[in-house]
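Asker: structure for this input, please:
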Amino acid sequence: MKSPPTVAVLRLSGTIGSGSRAPLSDAVLAPILEKAFSRGKPAAVALEINSPGGSPVQSSMIGARIRRLAEEKNVPVFAFVEDVAASGGYWLAAAADEIYADDSSIVGSIGVISAGFGAHIFLSRQGIERRVHTAGQSKSMMDPFQPEKPEDVARLKGMLEQIHANFIHHVQTRRAGKLDTVPELFTGEIWVGRHAQEVGLIDGIGHLLPVMKERFGDKVRLRRYGMRRSVWQRFGAQVASDAMAAVEERADFARFGL
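Answerer: Coordinates of the predicted model:
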């Protein structure tokens, strides 16, 4: 007897980065994605996405891995946005063949941001002198303990624009023929629910199980894959690190009012 179709479900939740505190990274997701696309010949792979973004490089690597596996295994990919798929989170969603979201999901923020702080005035008031010696005039840039230099800002903006161009190319390639021509589309603006559908960032409003049943029948089975934490992580060996990561992640989600 023919078994009912199976959809592999992978949850991508949290910020994207390469450090140990980042919930989502290419190194962590690589073996899970391999299993999701390979085990039992799935009819499709579904991504549950709830991410405010993070590292553009890690976003690109994860997205490229998803596309590579999808093409190698000839498996369609569906993305389902929960609270937010913004910035790098939308980069991951755009790696899918179809994107669905809730009426209240936040989508977009196709832009690049670099944030920091400046403490040179505080150090000066405390009588502390910052000393930096380099070989190469461009070696030191955007030092938070020294006054901001116009040439450093110009170089940083140049790099951000290059990354932004890569992001735009990825979205335009993956959403070819679906995007609207609204001028705000690539300015970092965000859209909610049906408005995101109107501008072509998503394909429709829908949730995981109903859409999968509609596509593959009522008997479709969902097989979930997730990231496992070690015993030491589960029982508090990294309490301080996890607490700091939670604060940083909370701040990232707060940018979108979540």
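Asker: when you work out contacts or count neighbours from here on, use the C-alpha atoms and nothing else.
Answerer: Fine.
Asker: so residue 49 sits right up against residue 88, yeah?
Answerer: No: in this structure, residue 49 is not within contact of residue 88 by C-alpha atoms under 8 Å, at 10.7 Å.
Asker: which one's more surrounded, the two?
Answerer: residue 88 (29 against 24; other C-alpha atoms under 10 Å).
Asker: I figured the more buried one hits residue 59, correct?
Answerer: Yes: the criterion here is C-alpha under 8 Å, and residue 88 meets it with residue 59 at 5.5 Å.
Asker: which residues do these two both contact?
Answerer: Jointly contacting residue 88 and residue 59 under the rule C-alpha atoms under 8 Å, 6 or more residues apart in numbering are 16, 53.
Asker: so how far is stretch 102-112 from its chain's centroid?
Answerer: From the chain centre to the centre of stretch 102-112 is a distance of 11 Å (C-alpha atoms, centre = their mean, to the nearest Å).
Asker: and it, end to end?
Answerer: Start and end residues of stretch 102-112 are separated by 25 Å (C-alpha to C-alpha, to the nearest Å).
Asker: how about the strands in the stretch 1-150 of the chain?
Answerer: For the stretch 1-150 of the chain, applying DSSP state E, counting those that start in this stretch gives strands covering 6-13, 44-51, 77-86, 98-101, 106-108.
Asker: no no, the stretch 151-258 of the chain
Answerer: Counting by DSSP E, counting those that start in this stretch, the strands of the stretch 151-258 of the chain are 190-192, 204-205, 221-225.
Asker: who are the packing partners of the first one?
Answerer: This means strand 190-192. Applying 3 or more C-alpha pairs under 8 Å, 6 or more residues apart in numbering; DSSP states H and E, we find strand 190-192 packed against strand 106-108.
Asker: same question, the last one
Answerer: Helices and strands touching strand 221-225, as assessed by 3+ C-alpha pairs under 8 Å, 6+ apart, comprise strand 6-13.
Asker: can I get the strand it packs on in PDB, CA atoms only?
Answerer: Coordinates of each C-alpha in strand 6-13 appear next as PDB, following Å, rounded to 0.1, in the frame of the first residue of the first chain:
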ATOM      1  CA  THR A   6       5.300  13.200   4.500                       C
ATOM      2  CA  VAL A   7       6.400  16.800   4.900                       C
ATOM      3  CA  ALA A   8       9.600  17.500   6.800                       C
ATOM      4  CA  VAL A   9       9.100  20.400   9.100                       C
ATOM      5  CA  LEU A  10      12.100  22.500  10.400                       C
ATOM      6  CA  ARG A  11      11.600  25.400  12.800                       C
ATOM      7  CA  LEU A  12      13.900  28.300  12.300                       C
ATOM      8  CA  SER A  13      13.400  30.600  15.400                       C
END
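Asker: what lines up beside that strand in the sheet?
Answerer: strand 44-51 (parallel), strand 221-225 (parallel) (DSSP bridges).
Asker: contact partners of the first one?
Answerer: Contacts to strand 44-51, defined as C-alpha under 8 Å, 6+ apart, come from residues 6-16, 36-37, 75-86, 88-89, 93, 208, 253.
Asker: let's see that with 7 Å instead.
Answerer: Applying C-alpha atoms under 7 Å, 6 or more residues apart in numbering, the contact partners of strand 44-51 are 7-15, 36-37, 75-86, 89.
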